[in-house]
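K.L.:
Sequence first, then the predicted structure:
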Amino acid sequence: MTLADSPRRLRRAGGQPGLGSADSRLEQHIFGVRDRIHSIPILIVGLVLTICWPSFAHAEADRLAASLENTQVATLGSSASDQDYLIKVALPYSYGGSDNAYPVVYLLDSDVLFGMLTDITRLLPLEGVPAFLGRQRVPELIVVGIGYPGGVAEMSDKRGWDLNPPEGDEGEINPKGAANFYHFLSEDLIPWVETNYRAEPANRTLVGVSRAGVFVLSTLFLHPQTFQRYIAISPVIEPPIYDYLERYAKGQGLAPARLFLSAGSAGELEAGIVEGVSRLAASLRELGTTNLDWSFEAFPGESHVSVVPNALVRALVALFSEPAASTKAG
């Protein structure tokens, strides 16, 4: 007796049991046939799954994780602390077929920005892409992303420690960790990159967004010898930055450098950031930092986050390409 037919088989007119009656035997026969008919689709489904399941499993196994072409990953420890960093390297498409050395773009917050910047740096060198800005082509670039082995979760936990502006004199170990992080960049990461890849030593760029943008400015003003180009997107300017700027402006024999500042201006938060960057720009003009070629661009309608792709494109075009011949002549 099945669970499906038990209520029916045990009932006859009047509700009395009657398993031995003709009616009950007929009823048993009818419902038994019906149950066998209902079981046919189940048997068919089971047969199909038995035959096809290996194919389904194989198809699932073939769905490998997507990855960016011409990229490599390594874990590199800091000699100034016990922190490890996940380093992602994106090589130009021409890298394997040439002996050329390439400029290197060092990207902070790589856990969320590496794919975006890599695609942009591979798009801009294509012929005609920068023409809408009246610029020449951007060169091919190596992108080096600095992230954390634990991904976004570890980044959220540790980036504040690594990126907050240093306090005290240059070279002092900062209780917030930025001095250690700079040490990792300059003493561990850059030598490793320039030993393992065909990188131009005098053609380094540092990129940071938000808090990382403040670290970019701190590095420019405190250690101007390390990088030649700087991109600070939506930096939340804090008071120590002005002290660093004054120290930078008093420096003698500083090498030429280029800086691109940007921010969105869509809301209240963005308006505050734009105001802070505008004050910094005014200080740059007032102090007359002649060795520093800088520009500031606000993006109307863009937020603290949505401004990033637009700003990266504008920054790379502004810092790496020269005006087209027709623009220069004008």
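P.N.:
That came in fine, so what should we check first? In this text the structure is predicted, and so the values were computed from the model without any measurement.

K.L.:
For this protein, give me the ranges with low pLDDT.
P.N.:
1-61, 127-136, 165-176, 322-330 (pLDDT under 70).

K.L.:
Let me see the ranges of the strands in it.
P.N.:
Along the chain, counting by DSSP state E, strands occupy 71-77, 84-90, 102-107, 142-147, 199-209, 229-233, 257-264, 292-299.

K.L.:
Just say which of the ones you listed is most tucked in.
P.N.:
Mean neighbour count (mean count of other Cβ atoms under 10 Å) peaks for strand 229-233 among those, with a mean of 27. All C-beta spots, glycine's among them, are computed from the backbone N, C-alpha and C.

K.L.:
Each with direction, which strands does that one pair with?
P.N.:
Within its sheet, strand 229-233 is paired with strand 199-209 (parallel), strand 257-264 (parallel), according to DSSP bridges.

K.L.:
Distance to residue 116 added to those, as TSV?
P.N.:
What follows is the strands paired with strand 229-233, written out as TSV (distance: least, Cβ to Cβ, whole Å):
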stretch	distance to residue 116
strand 199-209	10
strand 257-264	15
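
K.L.:
Those: which one's closest to residue 80?
P.N.:
Taking Cβ to Cβ, strand 199-209 is the member of the strands paired with strand 229-233 nearest to residue 80, at 17.8 Å.

K.L.:
Helices along the stretch 101-250 of the chain, start to end?
P.N.:
Using DSSP state H, counting those that start in this stretch, the helices of the stretch 101-250 of the chain run over 110-123, 151-163, 178-183, 190-196, 211-222, 240-249.

K.L.:
Just tell me which of those ends up closest to residue 268.
P.N.:
Nearest to residue 268, of all the helices of the stretch 101-250 of the chain, is helix 211-222, at 18.6 Å by Cβ to Cβ.

K.L.:
Relative to the whole chain's centre, how far out is the closest one?
P.N.:
Centroid separation for helix 211-222 versus its chain: 19 Å, with Cα atoms, centre = their mean, to the nearest Å.

K.L.:
So which elements touch that helix?
P.N.:
Under the contact definition 3 or more Cβ pairs under 8 Å, 6 or more residues apart in numbering; DSSP states H and E, helix 211-222 sits against helix 151-163, helix 178-183, strand 199-209, strand 229-233, helix 240-249.

K.L.:
could I get the ones you listed as CSV with distance to residue 107?
P.N.:
What follows is those, written out as CSV (distance: least, Cβ to Cβ, whole Å):
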stretch, distance to residue 107
helix 151-163, 13
helix 178-183, 14
strand 199-209, 5
strand 229-233, 9
helix 240-249, 21
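
K.L.:
thinking again about what came up before, now distance to residue 62 too, for the strands of the chain, in JSON lines please.
P.N.:
Below are these laid out as JSON lines (distance: least, Cβ to Cβ, whole Å):
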{"stretch": "strand 71-77", "distance to residue 62": "21"}
{"stretch": "strand 84-90", "distance to residue 62": "25"}
{"stretch": "strand 102-107", "distance to residue 62": "32"}
{"stretch": "strand 142-147", "distance to residue 62": "28"}
{"stretch": "strand 199-209", "distance to residue 62": "36"}
{"stretch": "strand 229-233", "distance to residue 62": "39"}
{"stretch": "strand 257-264", "distance to residue 62": "41"}
{"stretch": "strand 292-299", "distance to residue 62": "42"}
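
K.L.:
where's the residue lying closest to residue 116 once chain neighbours are set aside relative to residue 193, distance?
P.N.:
Distances taken as Cβ to Cβ, 6 or more residues apart in numbering place residue 309 nearest to residue 116, at 6.1 Å, with adjacent residues excluded. The spacing between residue 309 and residue 193, counted by Cβ to Cβ, to the nearest Å, is 25 Å.

K.L.:
quick one, which of those two is more surrounded?
P.N.:
Set residue 309 next to residue 193 and count neighbours by other Cβ atoms under 10 Å: residue 193 wins out with 19 against 16.

K.L.:
who does the residue nearest to residue 75 when sequence neighbours are not counted bridge with?
P.N.:
Spatial nearest neighbour of residue 75, chain neighbours left out: residue 84 (5.4 Å); criterion: Cβ to Cβ, 6+ apart. Applying DSSP bridges to residue 84 yields these beta-bridge partners: residue 77.

K.L.:
Residue 84 contacts residue 76, doesn't it?
P.N.:
Yes: contact criterion Cβ atoms under 8 Å: residue 84 and residue 76 qualify, at 7.0 Å.

K.L.:
ok, now which ones touch the most centrally placed residue in the chain?
P.N.:
Centroid-nearest residue in the chain: residue 113, 1.8 Å away (criterion: Cα atoms, centre = their mean). Residues in contact with residue 113 (Cβ atoms under 8 Å, 6 or more residues apart in numbering) are 107, 145, 209, 308.

K.L.:
out of the helices of the stretch 101-250 of the chain, deepest packed?
P.N.:
helix 211-222 (a mean of 24).

K.L.:
hmm, who's touching that helix?
P.N.:
Residues from elsewhere that reach helix 211-222 (Cβ under 8 Å, 6+ apart): 108-109, 159-160, 162-166, 170, 178, 181-182, 185, 206-208, 226-227, 230-238, 240-241, 244-245, 247-248, 257, 259, 280, 292.

K.L.:
Done for today, thanks.
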